[in-house]
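# Please find the sequence and the predicted model below.
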Amino acid sequence: MKRKMPFPLSKEKSFYDSLNDWIGDTLYDDLTEKGFECRDEQIYMAFQIEQALKEKNVLFAEAGVGTGKTIAYLLPAIAYARYTGKPALISCADETLIDQLVKEDGDIKKISEALGLDIDVRLAKARSQYLCLKRLDEIGNQIDAEYIDTLEDSLPDFVYGSGSLQSIVPYGDRSDYPDLSDEEWQTVNYHPTQQCSACDLRNRCGQTIHRNHYRDALEIVICSHDFYMEHIWTKESRVRQGQLPLLPEASMIVFDEGHLLEYSAQRALTYEVQNSTLLNLLERAMVDGVREETLQLMERLIDTHEAFFTMLDVCADTTDNERKGIEKVPALLEVGKEAVTISTALLEEFVFEGELFTIPEYDLKMVEEYLEQYIYSMELFTSGSDAVDWLETPKGESTLVIMPRLVTDILREKLFSSKTPIVFSSATLSIQKDFSYLADGLGIQDFLSFSVDSPFDYDEVMKVFAHDIDAGKKADRGLELLKDGEPTLMLFKSERTMLEFKAQVPAEWMDRIAFEGERELSSIVRDFQQKRVQVLCSYHLWEGLDIPQDALTRVIIHDLPFPPKDPLFEAKRSHSENPFEEVDLPFMLLRLRQGAGRLIRTSADSGTVHLLLEAEEQEMKSKIDSIFPVKMKITV
């Protein structure tokens, strides 16, 4: 259903001419009369987006902090959605940024009130952001924990039938449970092995209710990059299976913090094989009445799978990288192939078990779906294909990760070959106005682009210090800086380096320092903004964090954010003539610009940026200095 246009259309003028006039009137007059600042950079950006809509092309819109990028893309997005009758899709870097975009004092709320527009905005969060009733029930039978009781008590009455289905409302979002730690949440949230289509609680599930809600959006759907990429990769298979795609068809797409899209695409395209998952699923299928042939195959597969992971740990790199390379010795490949052979035979036996109804339908569906993915993943690993693979150990769980190929060709085929207008918005899309690093990584050959600077006077409000530090002394200098209690964001290149710093923090300081992962991230950010804690330590918040004025007056860069020496980046380096100049350095400089950009968010902000540089990092000073809007000062 189309909504009323925010401006009149006539036969004398095209939609794009009318849109151009409306954008100008709105930004020059209507919003300034309501107290909004008139910014030439913002107006220029909005007009460039209107041109991208007209040409149905990709636009790299690089605009400095303070430009007002959100309003610049929201105005054309709202009008285009109403004109086409299809919602515009805004994809953010992560779930935290989604919440910031729709908060009560956010830009969407502001322009809605200022222009008298009833804007239909709906959130489409990743599946892992929702409570799973099946997993909650299972974990509740396994452990006695207070957080389980709290979650069960929070469920609406209709979930288990004591309330009317007419009173169904969305529930079960991760942000509804701010006091849960990430570790607790990961025991009850949606997990990829769950089979929603076979779940008897599907129609009462919070995830399903949220899905149905945002699929009816009229104007704006907001999701994360990760979820949008999952939508792209699963769209065709879901349609083949008679399911709806995860997201509705969009009139246009805005990738806010679009420089991060490639990494979300990589995550979405990977397949994971965990050490314990297969064992847990097979145990669910080992019920009374299962035929002897099936039981024997399951036991053989468990033994072979465990032997594979034992050997995998031996063949993995001993580096500190989160992604560990694997030496594919013949013995490892042989065990992997044996696991594929047994799994294939087991799937055939499950066909007979399904006809006998001995295994509960939901459990059988879970193990069958997982085995199909397991076979595909293991065949990729053992076949000698161009796949990129590595070993991870999140929370101590060995996980084999396999990416069939680098994402460039697939993105070009599935996303950028369409005529859907696509806008990449960020303060950091280029290296000295050159967009080729980002465009090449995404497989984009034809695009429009522009770059405008921030309207802020950085010489007056920002100072940058590079601290030359002896090896192993970073934590000491960081703690020395933190002694004064100034509100500080401290950024780390990885979880490992953050935890190493945490281990050196005095116990008496812990009540004033918050570390990412201790609980739900947006609640930590909220406590920091409201000055309940003085220091926020994070390895994810290099971009998107928006904490203005005196709530954040210092950013400390603990590590230069170079990409790791892991198999994924090694694959990218292998396709480069000069890996450092073409892969490592551009990645680091873009991410560093983003991290430093957390400091100055409004014209009322001021503060300092501190870089803690050991010897090998000090060699980068000239490159680093070139990305800052003010001259860097060196301290020893």
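Cool, got the structure.

# From now on I want contacts and neighbour counts done on CA atoms only, so please keep to that.
Fine.

# got a list of contacts for stretch 576-590?
Residues outside stretch 576-590 that contact it (CA atoms under 8 Å, 6 or more residues apart in numbering) are 428-431, 437, 560-563, 572-573, 624, 627.

# Mind checking which of the residues you listed land in helices?
Judged by DSSP state H, helices contain the following of the contacts of stretch 576-590: 437, 572-573, 624.

# Now do the nearest residue to Thr399 once chain neighbours are set aside, the pLDDT please.
Excluding the flanking residues, the one nearest Thr399 by CA to CA, 6 or more residues apart in numbering is Gln274, at 4.3 Å. Looking at Gln274, its pLDDT is 87.

# wouldn't Gln274 be in contact with Pro394 here?
No: using CA atoms under 8 Å, Gln274 is not in contact with Pro394, being 10.2 Å away.

# Which of these two has more residues huddled nearby?
Between Gln274 and Pro394, Gln274 has the larger neighbour count (other CA atoms under 10 Å), namely 19 against 10.

# Can you tell me which of the ones in helices among the contacts of stretch 576-590 has the most neighbours?
Neighbour counts for those peak at Ile624, which has 20 neighbours (criterion: other CA under 10 Å).

# residues in contact with that one?
Leu589.

# do you know how far it is from Arg591?
Distance, Ile624 to Arg591, using CA to CA, to the nearest Å: 11 Å.

# and which of the ones in helices among the contacts of stretch 576-590 is nearest Pro455?
Closest approach between those and Pro455, by CA to CA: Ile624, at 21.5 Å.

# which SSE is Val273 in?
Under the criterion of DSSP states H and E, Val273 resides in strand 271-274.

# Who are the packing partners of whatever helix or strand comes next after that strand?
Downstream of strand 271-274, the first helix or strand assigned by DSSP H and E is helix 275-285. Secondary-structure packing of helix 275-285 (3 or more CA pairs under 8 Å, 6 or more residues apart in numbering; DSSP states H and E): helix 292-315, helix 361-382.

# Now do the longest helix along the chain, average pLDDT.
Counting by DSSP H, the longest helix found in the chain is helix 330-356. The average pLDDT within helix 330-356 is 94.

# orientation of it relative to helix 275-285 in degrees?
Angle of helix 330-356 versus helix 275-285, following axes from the mean of the first three to the mean of the last three CA atoms, to 10 degrees, is 30 degrees.

# now helix 330-356 against helix 361-382, angle please.
With the same axes, to 10 degrees defining the directions, helix 330-356 sits at 160 degrees from helix 361-382.

# Quick one: work out the angle between helix 330-356 and helix 292-315.
Using the same axes, to 10 degrees: helix 330-356 against helix 292-315 is 150 degrees.

# Could you name the helices and strands sitting against helix 330-356?
Judged by 3+ CA pairs under 8 Å, 6+ apart, helix 330-356 is in contact with helix 292-315, helix 361-382.

# Tell me how many other residues surround Asp288.
Residues contacting Asp288 under the criterion other CA under 10 Å number 8.

# try the one 5 residues further on
Summarising burial for Glu293: neighbours were counted as other CA under 10 Å, giving 10.

# ok, it - contacts?
Taking CA under 8 Å, 6+ apart as the criterion, Glu293 is in contact with Glu349.

# What's the separation between it and Glu338?
Counting by CA to CA - Glu293 and Glu338 are separated by 17 Å.

# ok, now which ones touch the residue lying closest to Ala316 once chain neighbours are set aside?
The shortest distance from Ala316 to any non-neighbouring residue, by CA to CA, 6+ apart, is to Ile326 (4.4 Å). The neighbours of Ile326, taking CA under 8 Å, 6+ apart as the test, are 312, 315-317, 389-391.

# now with 10 Å?
By CA atoms under 10 Å, 6 or more residues apart in numbering, the residues touching Ile326 are 312-318, 389-391, 400, 567.

# Which pair in those residues has the greatest spatial separation?
Top of the distance list for the contacts of Ile326 (CA to CA): Val314 and Pro567, 16.8 Å.

# Now do the SS call for Leu244.
Following DSSP: H, G, I helix; E, B strand; the rest coil, the label given to Leu244 is coil.

# count of neighbours near it?
Leu244, neighbours per other CA under 10 Å, totals 14.

# begin at 187 from here
Sounds good: first residue 187 from here, last item Leu430.

# just so I have it, where are all the strands in the stretch 187-336 of the chain?
244-249, 274-278, 307-310 (DSSP state E, counting those that start in this stretch).

# quick one: strands adjacent to the shortest one?
According to DSSP bridges, the neighbouring strands of strand 307-310, each with its direction, are strand 406-410 (parallel).

# Compute the mean per-residue pLDDT across the helix or strand following the strand it pairs with, please.
For strand 406-410, the succeeding helix or strand toward the C-terminus, using DSSP H and E, is helix 411-426. The average pLDDT within helix 411-426 is 89.

# which residues are contacting the helix or strand following helix 411-426?
Proceeding N to C from helix 411-426, the next assigned helix or strand is strand 439-442, under DSSP H and E. Strand 439-442 is touched from outside by 235, 244-247, 255-256, 259-260, 263, 273-280, 283, 407-411, 414, 447, 606-613, 730, with contacts defined as CA under 10 Å, 6+ apart.

# got the CA positions of stretch 270-283 in PDB?
Written as PDB, here are the backbone C-alpha positions of stretch 270-283 (Å, rounded to 0.1, in the frame of the first residue of the first chain):
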ATOM      1  CA  THR A 270       7.700   3.100  -5.500                       C
ATOM      2  CA  GLY A 271       5.500   1.500  -2.900                       C
ATOM      3  CA  LYS A 272       8.400  -0.600  -1.600                       C
ATOM      4  CA  PRO A 273      10.300   0.200   1.700                       C
ATOM      5  CA  ALA A 274      13.800   1.600   1.700                       C
ATOM      6  CA  LEU A 275      16.300  -0.600   3.600                       C
ATOM      7  CA  ILE A 276      18.900   0.900   5.900                       C
ATOM      8  CA  SER A 277      21.600  -1.500   6.900                       C
ATOM      9  CA  CYS A 278      23.800  -0.600   9.900                       C
ATOM     10  CA  ALA A 279      27.200  -2.000  10.900                       C
ATOM     11  CA  ASP A 280      25.700  -3.800  14.000                       C
ATOM     12  CA  GLU A 281      22.800  -4.100  16.300                       C
ATOM     13  CA  THR A 282      24.000  -1.400  18.600                       C
ATOM     14  CA  LEU A 283      23.900   1.200  15.700                       C
END
